[in-house]
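quick one: sequence and predicted model below, then my questions.
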Amino acid sequence: MDSVDEHVRFAELLDIYGNLLSDRQREYMRLHYAEDLSYGEIAEQSNISRQAVHDAIVHGRESLCRFERELSLLSEPKSEGLNVERIAEIIRRLERIASEDILYDTRRLKEAIRDLKRLVLSEQTDV
């Protein structure tokens, strides 16, 4: 059972990084964290096993934690002066890379993450 703080944290992480998850992970996590449905309710609604919902959410949580560890967008103070267009461009690049079925070369992914982090951190110090 998730604590309220964990529930809120994963809802926030989902808002920030949700588009980087698979469609299935994103939807099940949205139902669980935003709609507050139980694994059983999601399983019944989706005609799958409760275990399948659990596995998708666990993997989604692991991915969100990994994204946050690398990018730290949730833990960084928010700034009103961020270059939203540039951030959106880098996030689209991350989405394209993450959508590849097999990722042999993680160099492009690391570069995009580094670019995003550099932009976000530099924009915050300029304010």
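Everything's here; your move.

contacts only, for the residue sitting nearest the centre point of the chain.
Nearest to the mean C-alpha position of the chain, counting by C-alpha atoms, centre = their mean, stands residue 17 at 2.4 Å. Shown in contact with residue 17 (C-beta atoms under 8 Å, 6 or more residues apart in numbering): 63, 64, 67, 68, 71, 73. Placement of C-beta: from N, CA and C, glycine included.

check which helix or strand the fourth one maps to.
Secondary-structure element containing residue 68, defined by DSSP states H and E: helix 50-71.

give me the next element, helix or strand, following that helix.
Taking DSSP H and E, what comes next after helix 50-71 is helix 84-98.

where's the next helix-or-strand element following that next one relative to the chain centroid, distance-wise?
Next helix or strand after helix 84-98 toward the C-terminus (DSSP H and E): helix 107-126. On the basis of C-alpha atoms, centre = their mean, to the nearest Å, helix 107-126 sits 16 Å off its chain's mean C-alpha point.

and residue 108, how many residues sit next to it?
The number of residues packed near residue 108 is 14, by other C-beta atoms under 10 Å.

rewinding a little: now for the contacts of residue 17: which two are most distant?
63 and 73 (14.1 Å; C-beta to C-beta).

what mean pLDDT does stretch 107-125 get?
Mean pLDDT, stretch 107-125: 72.
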